[in-house]
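Asker: Model the following, please.
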Amino acid sequence: MKTISRFAVLASVAAAAPAQSGPAPARLSSTAIRSPADLYGPLFQAVQQGHVFADGKTFVDAIPKRAADAIMADYAQAKPEGPALKAFILANFIVPGENDRGADDLRTHVRTLWPQLVRQPVALVAGSSALPLPAPYVVPGGRFREIYYWDSYFTMLGLKVDGQQPLVETMLDDFTSLIERYGHIPNGTRTYYLSRSQPPYYAMMLDLSTNTDPAVAKRRLAALRAEHAFWMKGETCVAGKPACLRVVRMPDGSVLNRYYDDRDTPRDESYAEDVATAAKAAPRPAVDTQRNLRAGAESGWDFSSRWLRDPQSLTTIHTTDIVPVDLNSLLWVMERRIAARCQTAGDTPCATAFTTMATKRKTAIDRYLWQATTARYADWDLSTRKPTASINAAMLEPLFVGLASPIQAKAVATTVRRSLVAEGGLRTTTLKTGQQWDEPNGWAPLQWVAIAGLDANGEPALAKDIARRWIGTVGAAYAETGKMLEKYNIEQRTPGGGGEYPVQDGFGWTNGVASAILDRYPDLARPAG
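Answerer: Coordinates of the predicted model:
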């Protein structure tokens, strides 16, 4: 952004220079260009002599919001001093490190970041953990050097509104290719991620495409059906059991899904951490702890009190016992999209079959995951045969995908207002545990699910309020750090914490959601007051 600010300063200085008559000279002498000291005279001296900013370079790099003579006329009339002088400056200038990183500048910054996060296909190297992709894609940033599944949906939202439709299409090509090669979309494009997936947003990613080629549509439908088969593979072995692979049998015999992982070893990328957690969990079998850690990673919420028997102890993780409302909402919309695409393709038996699956899933969700008495959707615990006590942002996924009824949506909105709205956005959970998917952290994808879900279900004011709070948080952290971050402390509007690694910058889904929010609510890009 420093380069952008310098160009903007030059442009504003040039605009403030006296008009030239006749042909423009080939080159201006240095004395013909007015510096900030020339333009702002007594105001400049008051700011610099009064040390309004710790660095004398700050004010001289500021960008005026209007003509210099208009600013000076107001200064001469008001003659502000002390705190009033700084307020005057911030009201009339975009100041580096102060107010230049507001929402409007945030959108510009995100647009400049996209090219930095794009990666081109690379040749497969023997011994490398990287999985090859056929087309350009966007990575989250930081330590995340490869494409990630659910991250990418929220990244693509921003790419679409920022005029990067070709990247949306090439990323869809990449995900289609992954399903064709591996039978599912892995957590990320590394060999060590192949044993698990992530929240299945491929069906909703396809909604972002503008490609109308029938051959492409046929290929994508086949991939979508293959992904559904991956999630439902456990149906062949769940009879007489509470669960098998990613499929669970509810008390009435209906079928829902859970997160899982095909391996029960320590994760390659977090080997030492998983070994240590399993050791602390003894005498619990290490393979049980490790499977559940891996399943937690498949959820994308790695880690959260949602998955813990004791919210303060990771050693009690039991992800595979939990029937998550967000996962089952996404599988419902997948079944609906498959039915619609099959109908378009003229495959009526397929359309009928998947419509029936979606109807049965909704019935089971309403019976087991909807909790009318507590006005929320809840995860279901197979081990206790009752809903969990966790109040968390996943309850908004049914609104986001269009599963909730008006009564359910209104009740959820009431719970959100009461328990999940924080100073700087939507809370992930209401428990502070030290895990990164718990209070006080807020995450971009959960903000968008809430905003879009509430807005589509008769709660536009609450949706916009969450959007305003979140953009304020992202903007404040950007002003402080100059970075877009993976997660934020939404209680204090600072960089987030917790987890197995330092907070990462980049950052794909934060960029995407920021652009999507500012595209939906352009007025949030205008400075307040």
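Asker: Domain-wise, how is the protein divided?
Answerer: The record's domain split for the chain, according to automatic domain parsing, is 2-16+32-100, 108-260+299-525.
Asker: from those, which stretch is densest packed?
Answerer: Highest mean neighbour count of these: domain 108-260+299-525, a mean of 20 (counted as mean count of other Cβ atoms under 10 Å). Yep, even glycine has a C-beta here, placed from its N, CA and C like the rest.
Asker: Check what pLDDT residue 100 gets.
Answerer: Residue 100 carries a pLDDT score of 45 in this model.
Asker: repeat for residue 399
Answerer: pLDDT, residue 399: 98.
Asker: Contacts only, for it.
Answerer: Taking Cβ atoms under 8 Å, 6 or more residues apart in numbering, we find residue 399 in contact with 409, 412, 453, 454, 456, 457.
Asker: For residue 198, see how far away it is.
Answerer: For residue 399, the distance to residue 198 (Cβ to Cβ, to the nearest Å) stands at 21 Å.
Asker: thinking again about what came up before, in a markdown table: the domains of the chain, plus distance to residue 277.
Answerer: Output for the domains of the chain, formatted as a markdown table (distance: least, Cβ to Cβ, whole Å):
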| stretch | distance to residue 277 |
| --- | --- |
| domain 2-16+32-100 | 41 |
| domain 108-260+299-525 | 6 |
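Asker: Where among the ones you listed is average confidence lowest?
Answerer: Among those, domain 2-16+32-100 scores lowest, with a mean of 77.
Asker: What is the three-state secondary structure of the closest residue in space to residue 280 that isn't next to it in sequence?
Answerer: Sequence neighbours aside, residue 315 is the residue nearest to residue 280 in space, at 4.9 Å (criterion: Cβ to Cβ, 6 or more residues apart in numbering). The three-state assignment at residue 315 reads helix, by DSSP: H, G, I helix; E, B strand; the rest coil.
Asker: same thing with residue 241?
Answerer: coil.
Asker: Distance check, it against residue 231.
Answerer: Residue 241 is 17 Å from residue 231, by Cβ to Cβ.
Asker: What separation is there between residue 36 and residue 319?
Answerer: 58 Å.
Asker: swap in residue 465?
Answerer: 32 Å.
Asker: Next, residue 119: phi, psi?
Answerer: Note on residue 119: backbone dihedrals following degrees, to the nearest 10 are phi -120, psi 140.
Asker: Now for it: which residues touch it?
Answerer: So residue 119 contacts 136, 137, 138, 139, 147 (Cβ under 8 Å, 6+ apart).
Asker: quick one: the last one and residue 325, what's the gap?
Answerer: Distance from residue 147 to residue 325, counting by Cβ to Cβ: 26 Å.
Asker: Can you check the distance spanned by stretch 115-133, start to finish?
Answerer: For stretch 115-133, the first-to-last residue distance is 18 Å (Cα to Cα, to the nearest Å).
Asker: got it, and stretch 290-307?
Answerer: 13 Å.
Asker: Please identify which helix or strand holds the residue nearest to residue 194 when sequence neighbours are not counted.
Answerer: With sequence-adjacent residues excluded and distances taken as Cβ to Cβ, 6+ apart, residue 194 is closest to residue 186, at 5.0 Å. For residue 186, there is no host helix or strand (DSSP states H and E).
Asker: so what's residue 186 up against?
Answerer: With contacts defined as Cβ under 8 Å, 6+ apart, the neighbours of residue 186 are 131, 149, 178, 193, 194, 196, 197.
Asker: ok, so of these, who is nearest residue 74?
Answerer: residue 149 (52.7 Å; Cβ to Cβ).
Asker: For the stretch 151-300 of the chain, just list every one of the helices.
Answerer: In the stretch 151-300 of the chain, the helices defined using DSSP state H, counting those that start in this stretch lie at 165-182, 202-206, 214-232, 271-280, 286-298.
Asker: which one of those lies closest to residue 66?
Answerer: Ranking those by proximity to residue 66 (Cβ to Cβ) places helix 165-182 first, at 35.3 Å.
Asker: Give me the contact list for the closest one.
Answerer: 114, 118, 131, 133-138, 147, 149, 152, 156, 159-160, 184-186, 189, 194, 202, 205-206, 208-211, 219-220, 223-224, 226-227.
Asker: how distant is that helix from the center of its chain?
Answerer: 19 Å (Cα atoms, centre = their mean, to the nearest Å).
Asker: let's number from 52 now, not from 1
Answerer: Right, with 52 as the first residue, what we last looked at is helix 216-233.
Asker: Name the single longest helix found in this structure.
Answerer: Longest helix of the chain, by residue count under DSSP state H: helix 511-532.
Asker: which helices and strands does the following helix or strand past that helix pack with?
Answerer: Moving toward the C-terminus from helix 511-532, the next helix or strand (DSSP H and E) is strand 539-540. Here strand 539-540 touches strand 492-493, helix 511-532, strand 545-546, going by 3 or more Cβ pairs under 8 Å, 6 or more residues apart in numbering; DSSP states H and E.
Asker: Show me what the first one is packed up against.
Answerer: In terms of contacts (3+ Cβ pairs under 8 Å, 6+ apart), strand 492-493 is packed against strand 539-540.
Asker: Identify the neighbouring strands of the strand it packs on in the sheet and state each direction.
Answerer: Paired neighbours of strand 539-540 in the sheet (DSSP bridges): strand 492-493 (antiparallel), strand 545-546 (antiparallel).
Asker: tell me how far the last one is from the chain's mean position?
Answerer: The one in question is strand 545-546. Put simply, strand 545-546 sits 16 Å off its chain's centre (Cα atoms, centre = their mean).
Asker: again with stretch 396-404
Answerer: 34 Å.
Asker: Run through who's touching that stretch.
Answerer: 268, 269, 272, 276, 389, 390, 391, 393, 394.
Asker: With just CA atoms, put the helix or strand encompassing the fifth one into PDB.
Answerer: Assigned by DSSP H and E, residue 389 belongs to helix 376-395. The C-alpha atoms that make up helix 376-395 are tabulated as PDB, following Å, rounded to 0.1, in the frame of the first residue of the first chain:
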ATOM      1  CA  VAL A 376     -25.300 -29.200  12.000                       C
ATOM      2  CA  ASP A 377     -23.000 -27.400   9.500                       C
ATOM      3  CA  LEU A 378     -21.800 -30.500   7.800                       C
ATOM      4  CA  ASN A 379     -25.300 -31.900   7.400                       C
ATOM      5  CA  SER A 380     -26.600 -28.500   6.100                       C
ATOM      6  CA  LEU A 381     -23.900 -28.600   3.400                       C
ATOM      7  CA  LEU A 382     -24.800 -32.200   2.500                       C
ATOM      8  CA  TRP A 383     -28.400 -31.200   2.200                       C
ATOM      9  CA  VAL A 384     -27.600 -28.400  -0.200                       C
ATOM     10  CA  MET A 385     -25.300 -30.800  -2.100                       C
ATOM     11  CA  GLU A 386     -28.200 -33.200  -2.600                       C
ATOM     12  CA  ARG A 387     -30.500 -30.400  -3.700                       C
ATOM     13  CA  ARG A 388     -28.000 -29.100  -6.200                       C
ATOM     14  CA  ILE A 389     -27.400 -32.600  -7.600                       C
ATOM     15  CA  ALA A 390     -31.200 -33.100  -8.000                       C
ATOM     16  CA  ALA A 391     -31.500 -29.800  -9.800                       C
ATOM     17  CA  ARG A 392     -28.500 -30.500 -12.100                       C
ATOM     18  CA  CYS A 393     -29.800 -34.000 -12.900                       C
ATOM     19  CA  GLN A 394     -33.200 -32.500 -13.700                       C
ATOM     20  CA  THR A 395     -31.600 -30.000 -16.100                       C
END
